[in-house]
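**Student:** Compute the structure for the input listed below.
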Amino acid sequence: MIHTTFSGRLVMLGFGSIGQGVLPLILRHIGIPRDNITIVTAEERGREVAAEYGIRFVIEPATRDNYRDLLTPLLRRGDFLLNLSVDVSSVALMQLCQDLDVLYLDTVVEPWAGGYTDPSLTPSQRSNYAMRESAVALREAARGGPTCITAHGANPGLVSHFVKQALLDIARDTGAPIAAPPPASDRAAWARIAQNLGVKVIHIAERDTQVASFPKKPGEFVNTWSVDGFVGEGCQPAELGWGTHEKALPADGHRHGFGCDAAIYLMRPGASTRVRTWTPLEGPFHGFLITHNESISLADYYTVRDAEGRVLYRPTAHYAYHPCDDAVLSVHELAGKNWQMQPEKRLMTDEIVRGMDELGVLLLGHAKGAYWYGSRLTIEEARGLVPHNNATSLQVTVAVLAGVIWAMENPRRGVVESDEMDHDRILEICRPYLGEVVGAYSDWTPLQDRGVLFPETLDVEDPWQFSNIRVA
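**Tutor:** Next up, the predicted model:
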């Protein structure tokens, strides 16, 4: 199905695993001449994929000094800049697109090279919270301008649409049906839905079980998606949206002191912080509390305020991620080297022999306890659906495709976050590529089977306190 046609030019900045995986989807579902697409990337990797599809391929790293001179000749009014790069400032590119009247999408708010681990910055200054604040600060000036979608991959991105569908499912199943879901632009209405349902916590609960034909070697970081991206965000402070039901800030928890104040950070990296969570196939498990944009945007979006602006309701929101087993070993080794990257990196692709990515959202604290909604996509399904993808990448690339289509269909929305987009349209585009899309209720709580072997200090009155969810 051709979802939309586009007569302008599309420039793809960066051509790693996501760029290579989304290209066939763009050509399959967007009516655009191949001559109108240009790939600009910092390295040789992916040239053969571009050649396979007859797409112009330019090797030229975008830097703080050259990005305007590099990209401006390639873009004219009404074109599209699809930013899938690393180490290039998303905010700088968004400002460029506003100046040139060009559509834009990225999957994460990325800093310039070194921004994730710059020792001259405080943990707050190099947090995703600060990066998101710098992106949404462009909203007012961009109002009515070209659509610039910030942070729309799988997570952040697709999971925000999962949350809306999960809320509608819970409302239906608890006897509180919503006759007409409000538009995504009505943040207050969606926040009241979450409040009325009693949702206290939102986990992005993900378990990747993909396995390669040969194991990780010592001195090698292995992952099913961007190694640099995972290590960069894993070395940032652990961050989470901070809910109104929480009784006490963690001992190592800090507020930022600026911006929307919807989130806190812990004085430790996310890749060394674990939390208890649950998915239908895995059951209970420990995941890494890796910082992600959606942890902050969800908490901010689902905030209820009174007439004076005081916060009445907000859920706690954070990522709870168990990557593939080789990636867990890689993180363990990385931590042991004091967060210095291994000399070798390997992105798992053709060597994957089995497994799936179970990616969804877990809504906790409502009348039915726990509800997970999301995608179960196996490696076999992913390979059968789209070339140059594994299970993890396809959940990202199809969300990128859906965001690009939505921007083309809604070209004058200014700066937009995932939570502000039409969830039903995004899911309509994505669903054929997500494997089994399911919702499942559970009686799981983070107190389950606790205190049996060793005594613990638990808040039994409210299972959904972060102090119960965090792994000490």
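
**Student:** what pLDDT does the closest residue to residue 414 other than its chain neighbours get?
**Tutor:** Leaving aside its chain neighbours, residue 414 sits nearest to residue 142 (3.9 Å; criterion: CB to CB, 6 or more residues apart in numbering). Where C-beta positions appear, they are placed from N, C-alpha and C, glycine not excepted. We have a pLDDT of 97 for residue 142.

**Student:** Residue 98 is in contact with residue 142, correct?
**Tutor:** Yes. Counting by CB atoms under 8 Å, residue 98 is a contact partner of residue 142 at 5.2 Å.

**Student:** Need the overlap of contacts for those two.
**Tutor:** residue 148 (CB atoms under 8 Å, 6 or more residues apart in numbering).

**Student:** and residue 350, backbone torsions?
**Tutor:** With angles defined as degrees, to the nearest 10, residue 350 sits at phi -70, psi -20.

**Student:** likewise residue 284?
**Tutor:** phi -70, psi 140.

**Student:** dump the residue contacts of the closest residue to it other than its chain neighbours.
**Tutor:** Of all residues not flanking residue 284 in the chain, residue 278 sits nearest, at 5.3 Å (CB to CB, 6+ apart). Residues counted as contacts of residue 278 (CB under 8 Å, 6+ apart) are 205, 284-285, 362, 370, 372, 442, 444.

**Student:** With residue 347 instead?
**Tutor:** 16-17, 223-227.

**Student:** go on, residue 466?
**Tutor:** 240, 246, 250, 316.

**Student:** Surely residue 136 and residue 415 touch.
**Tutor:** Yes. The pair residue 136 and residue 415 qualifies as a contact (CB under 8 Å) at a distance of 6.7 Å.

**Student:** When these two are compared, which one has more neighbours?
**Tutor:** Each of residue 136 and residue 415 has its neighbours counted (other CB atoms under 10 Å); residue 415 has more, 24 against 18.

**Student:** taking the mean pLDDT, what do you get for the helix or strand containing residue 399?
**Tutor:** Here residue 399, judged by DSSP states H and E, is contained in helix 391-409. Averaging pLDDT along helix 391-409 yields 98.

**Student:** could you point out which element follows that helix?
**Tutor:** Past helix 391-409, the next helix or strand by DSSP H and E is strand 415-417.

**Student:** Could you look up the SS state of the residue nearest to residue 284?
**Tutor:** Assigned with DSSP: H, G, I helix; E, B strand; the rest coil, residue 278 falls in the strand class.

**Student:** Now do residue 25 against residue 374, distance only.
**Tutor:** Per CB to CB, to the nearest Å, residue 25 is found 20 Å from residue 374.

**Student:** same deal with residue 347?
**Tutor:** When residue 347 is compared with residue 374 (using CB to CB), they lie 23 Å apart.

**Student:** again with residue 305
**Tutor:** From residue 305 to residue 374 the distance is 29 Å (CB to CB).

**Student:** between those two, which one's more packed in?
**Tutor:** Set residue 305 next to residue 374 and count neighbours by other CB under 10 Å: residue 374 wins out with 31 against 13.

**Student:** Which strand or helix spans that one?
**Tutor:** strand 369-378.

**Student:** which residues sit against that strand?
**Tutor:** 158-159, 162, 165-166, 169-170, 205, 278-281, 354-364, 391, 394-395, 433-445.

**Student:** filter the residues you listed to the buried ones?
**Tutor:** Buried members of those, counted by 16 or more other CB atoms under 10 Å: 158-159, 162, 165-166, 169-170, 205, 278-280, 355-364, 391, 394-395, 433-435, 437, 439, 442, 444-445.

**Student:** Inside strands: which ones of these?
**Tutor:** Taking DSSP state E, the ones among the buried ones among the contacts of strand 369-378 that sit in strands are 205, 278-279, 356-364, 437, 439, 442.

**Student:** Those: which two are farthest apart?
**Tutor:** 356 and 364 (23.2 Å; CB to CB).

**Student:** about what we covered before: buried ones in the strand holding residue 374?
**Tutor:** 370-378.

**Student:** what does stretch 116-127 give?
**Tutor:** For stretch 116-127, by 16+ other CB under 10 Å, it's 116, 123-124, 126-127.

**Student:** need the contact list for the spatially closest residue to residue 407 that is not a sequence neighbour.
**Tutor:** Nearest non-adjacent residue to residue 407, counting by CB to CB, 6+ apart: residue 147, 4.4 Å away. By CB under 8 Å, 6+ apart, residue 147 lies in contact with 103-104, 407, 410-414, 416.

**Student:** if we go to 10 Å?
**Tutor:** 80, 97, 102-105, 403, 406-416, 421 (CB atoms under 10 Å, 6 or more residues apart in numbering).

**Student:** Which among these count as buried?
**Tutor:** Using 16+ other CB under 10 Å as the threshold, 80, 97, 102-105, 403, 406-408, 411, 413-416, 421 are the buried ones among the contacts of residue 147.

**Student:** And these, which two are furthest apart?
**Tutor:** 102 and 421 (18.7 Å).

**Student:** coming back round to it: what angle separates the helix holding residue 399 from strand 369-378?
**Tutor:** 100 degrees (axes from the mean of the first three to the mean of the last three CA atoms, to 10 degrees).

**Student:** so how far is helix 391-409 from its chain's centroid?
**Tutor:** 12 Å (CA atoms, centre = their mean, to the nearest Å).

**Student:** domain assignment for this structure?
**Tutor:** As given by automatic domain parsing, the domain ranges for the chain are 4-150, 158-390+432-469.

**Student:** Now tabulate these in JSON lines and tack on distance to residue 425.
**Tutor:** JSON lines is the format used below for the domains of the chain (distance: least, CB to CB, whole Å):
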{"stretch": "domain 4-150", "distance to residue 425": "11"}
{"stretch": "domain 158-390+432-469", "distance to residue 425": "9"}
